[in-house]
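K.L.:
here are the coordinates; sequence isn't available:
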DNA sequence: CATTTAAATCATTATATTCTAATAAATATA
DNA sequence: TATATTTATTAGAATATAATGATTTAAATG
C-alpha cells in the first residue's frame, strides 16, 4: 500500500535530524525532562521542545508529567534499532 | 561525534520519501533501469532520475551502464533492513 | 552522419523544515 | 495570591526539498 510507505517515510523523517538522533541517544540512557536535554545539547528551549514534539507525534517518544517537569522516554525501540543499524 | 549524526541523518533523509521507498522495494526484486522504474511507478522521468540520484549519492544504490540503459541496484542492504524493521 | 532513445541536469515554482524570539499556559513556590 | 519556573505554542525568516517542463548529454541505430 502506498499509504504504508507514506507512514514509513514520516517515521524516517522524524529520525532524520542530528539533534533528534542525539536526543534519542540521551533518552536511551534514561528518561529526561526538556531542561535537562537543553543543558546537555546546549540548544534553545523552544527548539528542543519542538524536536521532542516531532518524535512524540510519531509515537517514538512518550511523555509523563512529574513535578513541574515533562519527562520524555523512548516508547518505540525500533528507532534505536535503526540507529544501531546505521552505526554497526 | 556530531558529524556522525549528520551523516546518519542524511542517510535517513534519503530513505524518507514514499517514492524512494517504493524504488527500493522494486530494486530489491532485481536491478532496473530508469525507464523500467518509470513504467512501474508512473512518474516523470526527471523525477525518478532525481530520486535515484539522491539514493545513489548516499551510497544506497549503485549504477552500471548496460546497452543504452542505466541499471540501478541496491548497494547498501542496511536500507532494506531498516525498511524491514518498519514493516515488522 | 543524422536521428532516435535513455538518462541527467537545470530552472522554476510550490511546499516543507528549521531555527529564533516572543508569548502563552500550566504548575510550583514564596 | 503573586511570582517564578518549566514547557508548549506561535509567528516569521531562512533554507531545503520536491515536482514539473525544458534542455542537454550520451549512446545506439538507421
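P.N.:
Now that the structure is in, tell me what you want to look at. What you are looking at is a predicted structure, and each value in this text was computed from that prediction instead of being measured.

K.L.:
Enumerate every residue touching the residue positioned nearest the centre of chain A.
P.N.:
Central residue of chain A (Cα atoms, centre = their mean): residue A:55, 4.3 Å from the mean position. Residues in contact with residue A:55 (Cβ atoms under 8 Å, 6 or more residues apart in numbering or on different chains) are A:14, A:20, A:23, A:24, A:61, A:72, A:79. C-beta: built from backbone N, CA, C; applies to glycine.

K.L.:
how about the residues you listed, which pair is most distant?
P.N.:
Farthest apart among the contacts of residue A:55 by Cβ to Cβ are A:14 and A:72. That separation is 13.7 Å.

K.L.:
Compare these two (neighbour count), which wins?
P.N.:
Each of residue A:14 and residue A:72 has its neighbours counted (other Cβ atoms under 10 Å in any protein chain shown); residue A:72 has more, 25 against 21.

K.L.:
who in chain A is up against DNA strand C?
P.N.:
With the criterion set to Cβ under 7 Å from any atom of the strand, chain A comes near DNA strand C through A:13, A:16-17, A:19, A:43-44, A:46-47, A:50-51, A:54, A:65, A:67-68.

K.L.:
Please list which of those residues are also close to DNA strand D.
P.N.:
Contacts with DNA strand D are made by A:46, A:50, A:68 out of the residues of chain A next to DNA strand C, judged by Cβ under 7 Å from any atom of the strand.

K.L.:
Mind pulling up the pLDDT for the second one?
P.N.:
The predicted structure scores residue A:50 at 98 on the pLDDT scale.

K.L.:
Which pLDDT value belongs to the residue of chain A most remote from its centre?
P.N.:
The C-alpha centroid of chain A is most remote from residue A:1, which lies 26.5 Å away (Cα atoms, centre = their mean). The model reports residue A:1 with a pLDDT of 74.
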